[in-house]
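S.K.: got a predicted structure plus its sequence, pasted below:
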Amino acid sequence: MKLPFAKAAGLALLMAAAHGAASAEWTRTWAIEWYEPAHYYGAETGIIDPGTDCPKGTNPEPDWIGVLKKAGYTEQEALWLRDPSHPYRVPNHGQNQMAFRGEGRANVYVHPELAADPGMQGVTGTIGEGLDLDGDKTNGFVSVDGKTTGIDNQFYRTMGCWKYFRGPPRLSYNAESRNDEMREGRWTVLIVASGEGDDPMNDDKVRVGFYDSTDKLVKDGNGDIATGYTFRIQPHARFEAILEAKTVDGVIVSTSPTKEIWLRDPSYARELQLLQAQLQLTMKDDGSLSGILAGYRPWKRLYQGMVEARGSVIEQLTWAELPGVWNALKRGADYSPDGANGEKTHISFALKIDAVRAYVMTPDASRKVSGVRSYKSEAPPMGPSLHAFFSNRFRVTDGLVPDSDGVILAGPDAPILPPTVTGAELRARLKASAKGAD
Amino acid sequence: MTKRFNRRSILRGAVAGAGVCVGVPALDAFLNGNGSAYADKAALPTRFGTYFWGLGLTDTPLGGSRWVPETVGRGYEATPELISIKHLRHKVSVFSGFRVIGDGKPNVVHWSGHAAILGGEAPARNRVMAGPSFDTAVADALGAGMRFKQVDVAASGGQSACHSTRNGATFATPETTPLELYQRLFGEGFQDPNDPNWTPDPSIVLRRSVLSGIAEQRKALISEVGRSDQLKLDQYFTSLREIEKQLEIQLQRPEPCEACEVPDAPKDLGNSVTIDVVNANSKMLAKLLAMGLACNQTRVFNFVHTPGTSITYIAGEQKTYHQITHDEPTDTTLGYQPKTSELAGLVMGAFGDFLNEMEAIQEGEGTLLDHMLVMAFSDTGYAKIHSLENIPVLFAGGAGGRHIAGQHIASKGEPITRLSLTAQQLVGVPRGEFGMGAMRTSRPVTEVMA
Amino acid sequence: MTGAPVFRSRRSWGANKVRLDMRRRLLGVLCAGLFGCASPSVETTADVGAGLASQASAGAGAGERPDAAPDASYAPYQDKTAFNAAYRRLTESQYRNVIADMFADAVQINARFEPEMREDGLQAIGNRRLSITTSGLEQYYSVARSIAEQVVTNKARDALIGCGADPEAQAAADCATAFIKGRGQQLFRRPLSAPEIEGFVAVWDKARTETGDFDTGVQHALVAMLMSPDFLFRVEAAEPDPAKPGAHRFDAYTIASRLSFVLWDGPPDAALLRAAANGELHDEEGLAAEVERMLASPKLERGVRAFFTDMMQFEAFDTLTKDSLTYPKFSQAVADSAREETLRFLVDHLVARDRDYREVFTSRDTFLNRTLAAVYDVPYASAEPWSRHTFDKDSERSGVLTQVTFLSLFSHPGSSSPTVRGVRLHDIFLCVATPDPPPDVDFSKVQALENGTVRARLIDHMSNTGCSTCHMISDPAGLALEHFDGLGQYRLLENGEVIDVSASIGGQTFSGAQGLGDYLSGHPLVPACLVRKVHAYSVGRTTATDEYALLAKQQEAFAGAGYRMKALYRTILTHPNFLTVRPPEGVPAGPGTTHADTSTRPAASGGGQ
């Protein structure tokens, strides 16, 4: 039997080796407990206050009456459309008619290019989080500690003053909402790191894998994600990412970009494609893992996620006109992959990741994973696309929510009626109008 | 009220005692000190109701709260969003920190919260519960012989606003206007509790005769046993006799319901859902409901002030309450969402009015509120992100002396089904545990149980 | 296990019938000074084993038990023909098992039952004191009506009742009578007497006549049976023993129930009732055969679970709480899982694999689910909800004392407690009780959780208060478990200081949980205590002084059988002592007592008549 003294002496070693055999190969495993776009908040207080990032503060809420009037609605019509007692301004589905404010009353969610660009304030500060993706140290942001330059994060530059994404760590609306959803069990992302050397903290040949799991995160008695739970890898035809790296004093850094990876995305887009992906993750003494995963993401897909989450609802909640978002992303895009003919279809982006120590098992649960490899060949074929954020709750078509009969009670030619009409009458007339249009 | 011998505390002591030797005399262990409680219960029935409002109360992302009192236990302070019940705090218990544990089921926003409170488990999807809502079990226990086993009311319209279900899939249809509720309670078929032509319920006559039969038959058969066994059997037969007595009371012409006065038919307020109209509607509905309870038309109700996705709004403004909870940023100086909190306070104002209506009716030495338990709760904690943590729950009323009200019970993330279980036990539903999976519990909150 | 002797005078073990019960006197001596916290000088260095041994060798005799029935009380019963010796309220699990055996899945019971009472270490003993309060009977009434309603509205109604819903007049009466006879026998665990049948049929007839509905009649008759004391209490009936004039024995159906409630935690099945009816249970071979059959039944698991749930005081799990800041992983799911883990482990070890009871303290085998695996901080290598697991050797896990059940139940909400663990270990597994602390003890130093290790705090506490006498007994075992925190999670440090898990008991020095496990597995009191508890559980009362010799023999037999649980059941349940009637407590002495009229209780035929 070991003596306590000997044990105490070996404690540091023991803790260090807690993740696996201390042989020539090592594997460490985690589950993501929080992740969000890496957005540096430049104010010292609050959530939307002016700061070095956004000197004017967060983008203000649009004047929706004004927006509608600009699109050709009369003031009376605009007021009526915005009135909460409007029978078709459904509280959780918004006001479908809001979409029809483009040229010729086009649906601006589907055709943002047919609307005037209302403009969005971008980040004007110099400090940013992320990674230097293009190797050019002269462009991009400077890290918070001032030691790194050339950080590429155009997504932050364009979207960083938007209420949807802005806020101190873990407090932006997007981060709170989506992570709460993940932590309540909607999805799980696992991270596996393995190396071939004797010292996990300094190893030249390291691989990092991100995997899907159907085992849910578990909250502990304080509402935090509990450590030490077991998760099986769920082979997935899309959600898997493998990156080559090394460790330097416990920090895992990419050695070469991975051409393409896919992850579950903590935003309305639901899925995140990253090109030229790189990472920088720190293995902490308490067993947790924190850092950045970065790359170029397709900005149109991100925009589409907003539309599919019900355009008018998202506009209300996030205080932005979606055409403004579209134009800002388009302006900020900084990457054109092969085959895109020079079109900048992608925008530099970084995710800030916090993960807790977890046990990660092979898909059959029989043993702990050792090493990082692809499980895609074992994956069932991709099911229905995850595109529609609310597909499990209700249908969204062109950013609009049809009624229970599948009819969208709005349109370019929909009658905008005065408030003297009853709900039933309005419904009948709108339906007649919608059917006539078919 | 006389000081009662507390059987539960003795038994709890016996169970929790260090276990070397239980020093409880044999008889004490099964003495029932609650005889008076039962006599009381028979004369003045216990009523139960759920009260639901949408969108929770305001927490702040920085860790504060606009509703959770800082004081735990008795004498909690009236927080800004609970100001409307300030004068009734001694009759209301506040529960904070309880949560829904999804057990792998995702958060179905504006549904998972109350569906789990009522159904015992996080639901798989919208408008479905894992099982019957527990108010139906209460209705079965308390509602026997009543004209209505339960009455469902929704103060801001919406036929789908009701959460009461016997199969987890189809839901009761609520009365949504004062006139509807009036007609249901006092219109055609109204049974005047003071009607001179009263006849006993034949099914209760039968049940009582069966119990008498057991007593007579068995007593004749067991004439001699050891002394301690004799005492045990005596206790058993005493208990049997007590239940018979309870049935006998139901066979006697009920005491006149002195508080029962059939009100005049009300006028509807129109179907606006501005907060002032909803609250006025709610108050009228509460008044009618209180009288319906006082007139013994029902003993169980479900009252929905506003649904989870509350469509109420302040007259003249463009944004609905629901929208505001999501889009309003936290005010840096104040540390919370000011408009959201204002609306939460207005919504809770209706709950204060609701309790006032229950308190206004005198019954025996107390009020209707003293003889009922209202379990009030919402769908969410911090509404901005549809949080399933810290969902506000309040127990109002004395439950016929069984509820030790006036306390703030603070939990650290325990399953909220503990409160569902507590409520059921407080009104006498024979349920030892409630909920499934991670939400299963057999631990009621004994601090509030007499 | 080093093989060092545990007792200084081991030779006397087993021969001395009073040793087990000497503990009360011993502790009375040990702690005589404790209540004044004055003189810790009396045998402060004595460990339990040595203390017991020395007391035992000092002679026997005393050991009077206040709750043991004096033999004199038997006198008034000697000339009786028959009487009811005991009424025991059905426990919640017994009630549920009776209904489950009758109606299987057709009936769900969602009810709250009155709490049990623990006496002398077992609820099975405290149980004999319990009656039914009004609120308790209200709940039974509600459950009874619910069961009756579920039966008549079930899809399989016809099969459950025995005929269709609307039989002809004569068929209806026949069907109702058959239902009452059949279901009544299952509920009362014996055939109903003719007057009983008549009574319940009358209930059916009245309800049916008044409502015109056959099923309403069935419902009321079933409710009447479910509310009857013959169902709610286990009535233990005595009859004259034909072999010993003037003495009594349990009647055959009582024996059947005693067997089935011990082994199956439920009612006798049809075969057992048949054996009772045929007098086989009063026959040595017949009884042995039935016990053998019952030991082989899958229902044995229920009995073993019920016994250990009682012995290990698992009812405390329903009210267990932990401070979430200190033990964030604790939840109701952890509590439920932990209880299930230990029961699965014990059933597997003692029943399925029929292994040595002493290995319960050394085995590294157990069963886990995902929740528990996280508490133990091991990977959960299974896709199934539960799976077998063997802890690594350096996990320091060693049997039942190192499972989350014991470690978390017997700790404080925010810390471990060597004292509580030590006290409960002695109480549960060694049958050695510890007195409560005196009321005026200053606990502040022990409770200063932010300081050092608990060992140092306890030493401080003892030196200052003179309470060491009892702590010397309770604490060493608990200190050996200190590598497990108040939730049972492994740790090496407390407040940054290395935890010392060395212990010295009975001159034997060991270290940590595995050392303690080895020590206990070789401790004679461990199997002796189990024998005592299974015996007390089986007879439903504290062991009487005149049973000590028997107990000693049964302990020897247990050892001879390799400490197998099934063998222990066999020994205890087939011994005549299990069938011997002790008169009920508090018998009124002298004249005026009349014979119980048990004439309505049908006598079993055969068997010694």
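M.R.: On my side now, so go ahead. Numbering: from 1, shown residues only, chains lettered A, B, ... in the order given.
S.K.: going forward, measure contacts and count neighbours with C-alpha atoms only.
M.R.: Fine.
S.K.: against A:N174, how distant is the residue in the stretch 501-609 of chain C that chain A sits nearest to?
M.R.: Using CA to the nearest CA, the closest approach of the stretch 501-609 of chain C to chain A is made by C:V501 at 7.3 Å. Applying CA to CA, to the nearest Å, the value for C:V501 to A:N174 is 50 Å.
S.K.: what's near enough to touch C:L90?
M.R.: By CA atoms under 8 Å, 6 or more residues apart in numbering or on different chains, C:L90 lies in contact with C:L232, C:F233, C:R234.
S.K.: over to C:G184?
M.R.: Listed by CA under 8 Å, 6+ apart, the contact set of C:G184 reads C:R190, C:P191, C:L192, C:M225.
S.K.: likewise A:Y335?
M.R.: By CA under 8 Å, 6+ apart, the residues touching A:Y335 are A:Y296, A:E343, A:K344, A:T345, A:H346, A:I347, A:S348.
S.K.: just for chain C, where's the confidence low?
M.R.: Applying pLDDT under 70 to chain C flags the ranges C:1-81, C:112, C:438-446, C:460-467, C:469, C:583-609.
S.K.: show me the domain layout of it.
M.R.: C:10-249, C:312-521 (automatic domain parsing).
S.K.: wait, which of the ones you listed is closest to A:P84?
M.R.: Comparing the domains of chain C against A:P84 with CA to CA, the closest turns out to be domain C:312-521 (43.4 Å).
S.K.: ok so, going back, which of the contacts of A:Y335 fall in helices?
M.R.: When DSSP state H is applied, the contacts of A:Y335 are split such that none fall in helices.
S.K.: strands of chain B, start to end?
M.R.: Here chain B has its strands, by DSSP state E, at B:47-52, B:73-74, B:92-96, B:151-154, B:300-304, B:362-363, B:366-367, B:372-377, B:393-396, B:407-410.
S.K.: nearest to C:T309, of the ones you listed?
M.R.: Of all those, it is strand B:407-410 that lies closest to C:T309, at 30.6 Å by CA to CA.
S.K.: helices and strands around that closest one, which ones?
M.R.: In terms of contacts (3 or more CA pairs under 8 Å, 6 or more residues apart in numbering or on different chains; DSSP states H and E), strand B:407-410 is packed against strand B:73-74, strand B:92-96.
S.K.: pLDDT averaged over that strand, what's the number?
M.R.: In this model, strand B:407-410 has an average pLDDT of 96.
S.K.: what does it contact?
M.R.: By CA under 8 Å, 6+ apart, the surrounding residues in contact with strand B:407-410 are B:69, B:71-76, B:90, B:92-98, B:448.
S.K.: how about a cut-off of 6 Å?
M.R.: With contacts defined as CA atoms under 6 Å, 6 or more residues apart in numbering or on different chains, strand B:407-410 is touched by B:V72, B:G73, B:R74, B:S93, B:V94, B:F95, B:S96, B:G97.
S.K.: cool, stretch C:405-416 as well?
M.R.: Here stretch C:405-416 has contacts from C:K322, C:D323, C:T326, C:A338, C:R339, C:S417, C:V420, C:R421, C:D485, C:G486, C:L487, C:G488, using CA under 6 Å, 6+ apart.
S.K.: how far away from the center of its chain is it?
M.R.: Taking the mean of its C-alpha atoms, stretch C:405-416 sits 21 Å from the chain's own mean (CA atoms, centre = their mean, to the nearest Å).
S.K.: show the end-to-end separation of it, please.
M.R.: Distance between the two ends of stretch C:405-416: 13 Å, counting by CA to CA.
S.K.: how about stretch C:313-320?
M.R.: 12 Å.
S.K.: again, but for stretch C:311-330
M.R.: Stretch C:311-330 has an end-to-end distance of 23 Å (criterion: CA to CA).
S.K.: that stretch close to chain A?
M.R.: Yes. Counting by CA under 6 Å from any CA of the partner chain, chain A is contacted by stretch C:311-330 at C:S324, C:P328, C:K329.
S.K.: highest neighbour count among the residues you listed?
M.R.: C:K329 (27 neighbours; other CA atoms under 10 Å in any protein chain shown).
S.K.: ok, now which ones touch that residue?
M.R.: By CA under 6 Å, 6+ apart, C:K329 lies in contact with A:D220.
S.K.: distance check, it against C:L137.
M.R.: In terms of CA to CA, C:K329 sits 38 Å off from C:L137.
S.K.: my guess is C:S511 contacts C:D500, does it?
M.R.: No. With contacts counted by CA atoms under 6 Å, C:S511 stays clear of C:D500, the gap being 8.5 Å.
S.K.: shared neighbours of those two, which are they?
M.R.: With CA under 6 Å, 6+ apart as the test, C:S511 and C:D500 reach no residue in common.
S.K.: okay, the residues of stretch C:311-330 next to chain A in a markdown table with secondary structure next?
M.R.: A markdown table is the format used below for these (DSSP: H, G, I helix; E, B strand; the rest coil):
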| residue | secondary structure |
| --- | --- |
| C:S324 | coil |
| C:P328 | coil |
| C:K329 | coil |
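S.K.: and which of those is nearest to chain B?
M.R.: C:S324 (6.8 Å).
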